[in-house]
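K.L.:
I would like the atomic coordinates for the input below:
(4 chains, ligands or ions: 4)
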Protein chains: 2
Amino acid sequence: MLTNSRLVHQAHDHGRCINAALTRALDLCVERKARMTPTREAVLRLLWQSHQPLGAYQLQDQLATMLDKPIAPPTVYRAIEFLLQLGLIHRIASLNAYIGCPFPNSDHSNLFMICNNCGSAAEVAHASINDLLQTASDKANFTLQSQTLELFGLCPQCASTENESK
Amino acid sequence: MLTNSRLVHQAHDHGRCINAALTRALDLCVERKARMTPTREAVLRLLWQSHQPLGAYQLQDQLATMLDKPIAPPTVYRAIEFLLQLGLIHRIASLNAYIGCPFPNSDHSNLFMICNNCGSAAEVAHASINDLLQTASDKANFTLQSQTLELFGLCPQCASTENESK
DNA sequence: AAGTGTTACGTTATAATATAACATTAAAAG
DNA sequence: CTTTTAATGTTATATTATAACGTAACACTT
Ligand SMILES: [Zn+2]
Ligand SMILES: [Zn+2]
Ligand SMILES: [Zn+2]
Ligand SMILES: [Zn+2]
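P.N.:
Ligands and ions are numbered 1, 2, ... in the order given. The predicted structure follows:
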């Protein structure tokens, strides 16, 4: 079970997360002969500002501030599209929001654990869950191609805070 | 593993599906002292017209035709909201669409198998997947509250058609 | 360096999904 | 019957996402 859950839910040197993500991104661009332009890098940075998914229009606002010029929606969505294609970010369907992928090299039938309180989202690659989903699909004669798995609840931090306040 | 997968993906007496759904809905309304108004019933019927999820604005169009008068979005969303509350329908987050629930009495941490070709969506209650998700959550100290599980691929029918055409 | 094709970006408009706010009507309760 | 509550109608608007078309930057050939 590969996960960034501990990093997401605990204090940590987040600068490292960002740097690691950018390095991986640049490497991947070289490998795929894709171009990491300033806008794309800015969006990726913004999505790595925290471990909470951001909506496209939040990105738009922050991007406009960051680049100090007005940014139109297509600019944001183009960068998102590019980063999604490369597998550097994910879309969280139930939130209409986007988040950086902590392990863009894995095979990516991952799930997210999303905190209803603080909004943080941890990504989890869980082989046996995937196996089970595959088995269930096989049994139903369903040809599995992709999946959206989003768990909602309370992250460790928020859960313990809730308990205190009782 | 409780599922309507066979019904969804095969020819069947769909009138039965509709009638059964309506009966269950009326029963549930009595039980919960909720009111099944004409608009709500119409929306539920529309969502049971097929085993494919419908968007809110598709519902709006069809509802307007069905009731032969203009229908505004809030009317549709109110009916959706009501039916969601009662657990009679589900929202498919990755499609922004809604579908009737074939077993509104189960405990409802279900998953969907959605055909990328024909759009049909089968609902599956799979205890061992839920157990595994619960275990994974526990391990991560994540307090699981709800989940969105949407599998995409090819339904049995569409998969075999694809094979033929090769 | 100049030409050429490709990729990314800018700009405007609009589509698609969803909700807020307030007025009106219908139903249930007393 | 009247009071209260629940449901619906109506208008406007918020939020998310894309279409269409023009321009600029880049990269490759000659
Ligand atoms: Zn971090
Ligand atoms: Zn939290
Ligand atoms: Zn049916
Ligand atoms: Zn199909």
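K.L.:
tell me where chain A has strands.
P.N.:
Taking DSSP state E as the criterion, chain A carries its strands at A:2-3, A:89-92, A:97-100, A:111-115, A:121-125, A:143-154.
K.L.:
and the last one, does that touch ligand 4?
P.N.:
No: legend: contact between strand A:143-154 and ligand 4 by CB under 5 Å from the ion is lacking; minimum distance shown is 9.5 Å. Using the backbone N, CA and C atoms, a C-beta is placed for each residue, glycine as well.
K.L.:
other SSEs contacting that strand?
P.N.:
On a contact count with 3 or more CB pairs under 8 Å, 6 or more residues apart in numbering or on different chains; DSSP states H and E, strand A:143-154 meets strand A:111-115, helix A:127-139, helix B:127-139, strand B:143-154.
K.L.:
so does stretch A:96-104 get close to chain B?
P.N.:
No: Stretch A:96-104 stays clear of chain B (CB under 8 Å from any CB of the partner chain), getting no nearer than 8.9 Å.
K.L.:
same check, this time on stretch A:55-69
P.N.:
No: using CB under 8 Å from any CB, stretch A:55-69 stays clear of chain B, coming no nearer than 14.3 Å.
K.L.:
residues in contact with that stretch?
P.N.:
Applying CB atoms under 8 Å, 6 or more residues apart in numbering or on different chains, the external contacts of stretch A:55-69 come out as A:38-39, A:42-43, A:46-47, A:49, A:54, A:70-73, A:75-77, A:80, A:95-98.
K.L.:
now those residues: which count as buried?
P.N.:
With neighbours counted by 16 or more other CB atoms under 10 Å in any protein chain shown, those contain buried members at A:39, A:42-43, A:46-47, A:54, A:71, A:75-76, A:80, A:95, A:97-98.
K.L.:
about what we covered before: could I get the helices and strands packed on strand A:143-154 as a markdown table with distance to A:His14, mean pLDDT and mean neighbour count?
P.N.:
Shown next, in a markdown table, are the helices and strands packed on strand A:143-154 (distance: least, CB to CB, whole Å; pLDDT from 0 to 100; neighbours: other CB atoms under 10 Å in any protein chain shown):
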| stretch | distance to A:His14 | mean pLDDT | mean neighbour count |
| --- | --- | --- | --- |
| strand A:111-115 | 16 | 96 | 26 |
| helix A:127-139 | 27 | 96 | 16 |
| helix B:127-139 | 23 | 96 | 16 |
| strand B:143-154 | 23 | 97 | 20 |
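K.L.:
and the gap between A:Ser5 and A:Leu144?
P.N.:
Applying CB to CB, to the nearest Å, the value for A:Ser5 to A:Leu144 is 25 Å.
K.L.:
ignore what I typed, I meant A:Leu151.
P.N.:
For A:Leu151, the distance to A:Leu144 - CB to CB - is 19 Å.
K.L.:
again, but for A:Gln58
P.N.:
32 Å.
K.L.:
who in chain A is up against ligand 2?
P.N.:
Counting by CB under 5 Å from the ion, the residues of chain A close to ligand 2 are A:115, A:117-118, A:155, A:158.
K.L.:
those: which two are farthest apart?
P.N.:
A:Asn117 and A:Cys155 (7.2 Å; CB to CB).
K.L.:
and for the closest residue to DNA strand C within chain A, the neighbour number?
P.N.:
Nearest residue of chain A to DNA strand C, counting by CB to the nearest atom of the strand: A:Thr37, 3.0 Å away. A:Thr37 has 13 neighbours, counted by other CB atoms under 10 Å in any protein chain shown.
K.L.:
out of the residues of chain A next to ligand 2, which is most surrounded?
P.N.:
With neighbours taken as other CB under 10 Å, the top of these is A:Cys155, carrying 27 neighbours.
K.L.:
how about that residue: what's its closest non-neighbour residue?
P.N.:
Nearest residue to A:Cys155, sequence neighbours excluded (CB to CB, 6 or more residues apart in numbering or on different chains): A:Cys115, at 3.8 Å.
K.L.:
hang on, isn't the one you found packed against A:Pro156?
P.N.:
No: here A:Cys115 does not reach A:Pro156: they are 9.1 Å apart, not a contact under CB atoms under 8 Å.
K.L.:
get me the contact residues on chain A for ligand 1.
P.N.:
Counting by CB under 5 Å from the ion, chain A comes close to ligand 1 at A:7, A:14, A:17.
K.L.:
redo that, cut-off 8 Å
P.N.:
A:4, A:7-8, A:12-14, A:16-18, A:48, A:50-51 (CB under 8 Å from the ion).
K.L.:
which of these count as buried?
P.N.:
In the residues of chain A next to ligand 1, burial by neighbour count holds for A:4, A:7-8, A:17-18, A:48, A:50-51, counting by 16+ other CB under 10 Å.
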